[in-house]
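Q: using only what follows, build the 3D model:
(2 chains)
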There are 2 protein chains.
Amino acid sequence: MVWLYLVERRSLTGNFSSWDGGGWVLSILVVGSVALDSVETPAGRRECTLGGACTYFATAASLYARVATVGVVGTDFPQEHVDFMRSRNIDLRGLQVVDGRTFFWAGRYGADMGDAETLDTQLNVFADFRPEVPADLRAAEYVFLANIDPDLQIQVVSQMNKPKLIALDSMNYWIYSKKAALTRALSMVDVVLFTEGEIKQYTEDTNLFSAAQRMFDLGPKALVIKRGRHGSTLLTRDENGSLCFFFVPAYPLECVVDPTGAGDTFAAGFLGYLASVGGEPDLVHMRRALVHGAIVASFTIQDFSIDRLRTLTLAQIQERYDALRKMTHFA
Amino acid sequence: MVWLYLVERRSLTGNFSSWDGGGWVLSILVVGSVALDSVETPAGRRECTLGGACTYFATAASLYARVATVGVVGTDFPQEHVDFMRSRNIDLRGLQVVDGRTFFWAGRYGADMGDAETLDTQLNVFADFRPEVPADLRAAEYVFLANIDPDLQIQVVSQMNKPKLIALDSMNYWIYSKKAALTRALSMVDVVLFTEGEIKQYTEDTNLFSAAQRMFDLGPKALVIKRGRHGSTLLTRDENGSLCFFFVPAYPLECVVDPTGAGDTFAAGFLGYLASVGGEPDLVHMRRALVHGAIVASFTIQDFSIDRLRTLTLAQIQERYDALRKMTHFA
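A: Down below sits the predicted model:
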């Protein structure tokens, strides 16, 4: 089994820095925001900490495979963050450094740790971001289009050289303000990661079954429905066009510190696992990938920023994977 | 495997009426409301239809085992409902018939099919209900205390002769207005079926982990957390006192007609399965029982009142059981 093999191989190498130059083929490319975040949750607050969908995704996915980022930062972006990403063997050639300040977001979570209340958004250098995929990175086999303007998502896909799998995230803002572009982007991807509310908003259909069918009619082969503390669902079509459901609960946590990045690291576990397996993604691996998504997200929210991911190991992921199997299987 | 054996045996007998006098040992006793309901949902409305927790539970549980009801109806209670319950081999000796009108409830569900808005409640003969368990029924091995005044739940338990398992349902109203009595009732039972909100309200603890531990400290060995469309969770303690989670999603339905009775028939699938297995309930069977609860509830809400349960078969339950396993298992 490829997954166990990977755990073993990495356990043998001992740590990440030993992979540098180890000849890993680039496998995942992510485009999205790299940001500095100020976050307040019932568990505490952090000022100007490392954030952004691209950052969260790349850090988590780098546990599984070689990752390249496409994004932009300002000249104020701390060198320590660059050094950290390099230490994870993340390819930063697509990360533009532009005169000005890095994208800044400030938000606050309430007692239920549900959706964040945005207190401040300063796009800064992100406002004029035009993604450019360096020639060497266009052969990446897996692509994650994090939640950005769908026109930029399209620009990235157009530059890629036939990836095996493209996954897309978005949000209510783009569904509302750029629906035509989003529809075009959806037609170019294989996996869509939406909340149930986003699926219903996009399709203008309150029935999840028919709404999902409308999404599939656009082109995607799989829908990952993110339900936060209620877990997630993988929706696909069988050979007759009927919906196939696969459910994974959220890994139960006694204490959540900061929900920021849960969705992006969910995507990282999902794509990371598929990339680590390689080959054409089939349903068996997509299901396992969903479990990896749930688990990586569960670690992420146990600390602020990407801090828990700094020390996370594949063995720890495997431990929760086995635990989650026991929490869901019945004879 | 007992479960499959049961399916086979019942398939051979063909229908329920053939069980009458067939020598089945009484195994489940339920106390709760027997009611006439007027219900409005986005799918339609029904006037003065058969309702009440006791009715829903008994009808569904009668698929699995011999059931006896303890409750009260007025002299207006239609004979056809009595005939129907008798046709399910339900023991009605504990169902008092009192001069006056039967408990009446009217409610309306919104587009999300979430909690009902109560439009009218007329307790009628239920106001002075004092449950009496006929001597012959006190040996029932499984007891379901549906959502009624905790003092009445205590009265029923006090009359029973050492059942193997007692399960209790309640609601925010009793947590608020009769907490001392509810606490005493909780100390007398094995399984508590609560929503997460009810657990937190009762324990005055917003952390589910510590709240659950407080519930266990009172005596119950298992908590069934009902999450509606998000499924359900079985919480137990392991030998070290740590929490054990088991998750089951709600069976996905394209169309919900009437959510009334979902919780009571969930309990019926849970207790019914355990009763059909017999013996001391262990964790393996409690998990399977949770799945049965989820499935029986899923059938219930596909029609008004108990109508879907009238034709439901164990083979149909088994079909969804197998389907739900495929929707949750991963290698």
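
Q: okay, CA-based contacts and neighbour counts for the rest of this
A: Noted.

Q: which residue ranges form the strands in chain A?
A: Taking DSSP state E, the strands of chain A run over residues A:26-31, A:35-41, A:44-51, A:66-74, A:91-98, A:103-108, A:117-122, A:142-145, A:165-169, A:191-195, A:222-226, A:232-237, A:243-248.

Q: now the second one against strand A:66-74, angle please.
A: When you say that, I think you mean strand A:35-41. 90 degrees (axes from the mean of the first three to the mean of the last three CA atoms, to 10 degrees).

Q: and for the third one?
A: Strand A:44-51 and strand A:66-74 meet at an angle of 100 degrees, taking the same axes, to 10 degrees as the criterion.

Q: flag every buried residue along strand A:44-51.
A: A:49, A:50, A:51 (16 or more other CA atoms under 10 Å in any protein chain shown).

Q: what's the angle from the longest helix anywhere in chain A to strand A:222-226?
A: Identified as the longest helix of chain A according to DSSP state H is helix A:283-300. Orientation of helix A:283-300 against strand A:222-226 (the same axes, to 10 degrees) gives an angle of 30 degrees.

Q: quick one: low-confidence ranges for the stretch 1-150 of chain A?
A: A:1-25 (pLDDT under 70).

Q: could I get the strands of chain A as TSV with distance to chain B?
A: As requested, the strands of chain A are exported to TSV (distance: least, CA to the nearest CA, whole Å):
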stretch	distance to chain B
strand A:26-31	24
strand A:35-41	15
strand A:44-51	17
strand A:66-74	25
strand A:91-98	32
strand A:103-108	19
strand A:117-122	21
strand A:142-145	23
strand A:165-169	21
strand A:191-195	13
strand A:222-226	12
strand A:232-237	9
strand A:243-248	4
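
Q: now distance to residue B:250 too, for these, in TSV please.
A: Listed next are the strands of chain A as TSV, based on distance: least, CA to CA, whole Å:
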stretch	distance to residue B:250
strand A:26-31	34
strand A:35-41	31
strand A:44-51	35
strand A:66-74	36
strand A:91-98	42
strand A:103-108	32
strand A:117-122	30
strand A:142-145	30
strand A:165-169	25
strand A:191-195	17
strand A:222-226	15
strand A:232-237	12
strand A:243-248	9
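
Q: residue B:106: which of the ones you listed is closest?
A: strand A:191-195 (33.5 Å; CA to CA).

Q: so which elements touch the closest one?
A: Counting contacts by 3 or more CA pairs under 8 Å, 6 or more residues apart in numbering or on different chains; DSSP states H and E, strand A:191-195 packs against strand A:165-169, strand A:222-226.

Q: save the ones you listed as CSV, and put in distance to residue B:251 and mean neighbour count too.
A: Formatted as CSV, the helices and strands packed on strand A:191-195 follow (distance: least, CA to CA, whole Å; neighbours: other CA atoms under 10 Å in any protein chain shown):
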stretch, distance to residue B:251, mean neighbour count
strand A:165-169, 26, 23
strand A:222-226, 16, 23
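
Q: contacts only, for residue A:110.
A: The contact partners of residue A:110, by CA atoms under 8 Å, 6 or more residues apart in numbering or on different chains, come to A:41, A:42, A:116.

Q: next, count neighbours for residue A:179.
A: Per other CA atoms under 10 Å in any protein chain shown, the neighbour tally for residue A:179 reads 15.

Q: also residue A:200?
A: For residue A:200, using other CA under 10 Å, the count is 18.

Q: can you tell me how far it sits from residue A:262?
A: 21 Å (CA to CA, to the nearest Å).

Q: what is the burial count for the nearest residue to residue A:139 once chain neighbours are set aside?
A: Excluding its sequence neighbours, the residue lying closest to residue A:139 (CA to CA, 6 or more residues apart in numbering or on different chains) is residue A:161, at 5.3 Å. By other CA under 10 Å, 13 other residues sit near residue A:161.

Q: same question, residue A:217
A: Residue neighbour count, defined by other CA under 10 Å, stands at 11 for residue A:217.

Q: what does residue A:304 give?
A: 25.

Q: check residue A:201 too.
A: Residue A:201 has 16 nearby residues by other CA under 10 Å.

Q: also residue A:204?
A: Neighbours of residue A:204 under the rule other CA under 10 Å: 12.

Q: do the same with residue A:239
A: 7.

Q: for residue A:311, same thing?
A: Counted with other CA under 10 Å, residues neighbouring residue A:311 total 8.

Q: against chain B, how distant is it?
A: As judged by CA to the nearest CA, to the nearest Å, residue A:311 and chain B stand 25 Å apart.

Q: thought residue A:134 was touching residue A:92?
A: No: Residue A:134 is beyond contact range of residue A:92, at 10.2 Å (criterion: CA atoms under 8 Å).

Q: okay, the helices and strands packed on strand A:191-195 in TSV with distance to residue A:208 and mean pLDDT next?
A: As requested, those are exported to TSV (distance: least, CA to CA, whole Å; pLDDT from 0 to 100):
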stretch	distance to residue A:208	mean pLDDT
strand A:165-169	18	98
strand A:222-226	10	97
